[in-house]
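Colleague: Curious how this folds, go ahead:
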Amino acid sequence: KYQSYAESLKEVHLPSAFDLTKFDHDIADNESHFYVSLQQWKQLNLSSAFIQFAHRADPLSLSMPLLLHNWREIVRLWEAAIDAADDEALRALLE
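Modeller: Numbering: from 1, shown residues only. Here you go, the predicted model:
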């Protein structure tokens, strides 16, 4: 069976955390892509502005009903985090 070079490399190397997108895995019915992505970025980004945003937004977005109920507060927190963000935090905050 013929495999391209990229396909053969995927079999050899472990996937990088950066290769995962928020749609690459299944999520539970009551979870949201926002929450899953937030959890991934909490592992990858340690900038203070992002960590503060994640710490405050995490309990507000544990499930899809909570996210929908608290979306205004999460947007307010996000806007404040964008204003205080450095270059490191912006990548995570803008995704």
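Colleague: Quick one: list the elements packing against the lengthiest helix in the chain.
Modeller: Using DSSP state H to define each element, the chain has its longest helix at helix 71-84. With contacts taken as 3 or more Cβ pairs under 8 Å, 6 or more residues apart in numbering; DSSP states H and E, helix 71-84 sits against helix 48-57, helix 87-94. Just so you know, the C-beta spots here come from the backbone N, C-alpha and C atoms, and that holds for glycine as well.
Colleague: other SSEs contacting the shortest one?
Modeller: With contacts defined as 3+ Cβ pairs under 8 Å, 6+ apart, the secondary structure elements packing on helix 87-94 are helix 48-57, helix 71-84.
Colleague: buried sites along that helix?
Modeller: Within helix 87-94, the residues that count as buried by 16 or more other Cβ atoms under 10 Å are 89-90, 92-93.
Colleague: Make TSV from these and add pLDDT and distance to residue 69 to it.
Modeller: Output for these, formatted as TSV (pLDDT from 0 to 100; distance: Cβ to Cβ, whole Å):
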residue	pLDDT	distance to residue 69
89	85	26
90	84	27
92	85	23
93	84	22
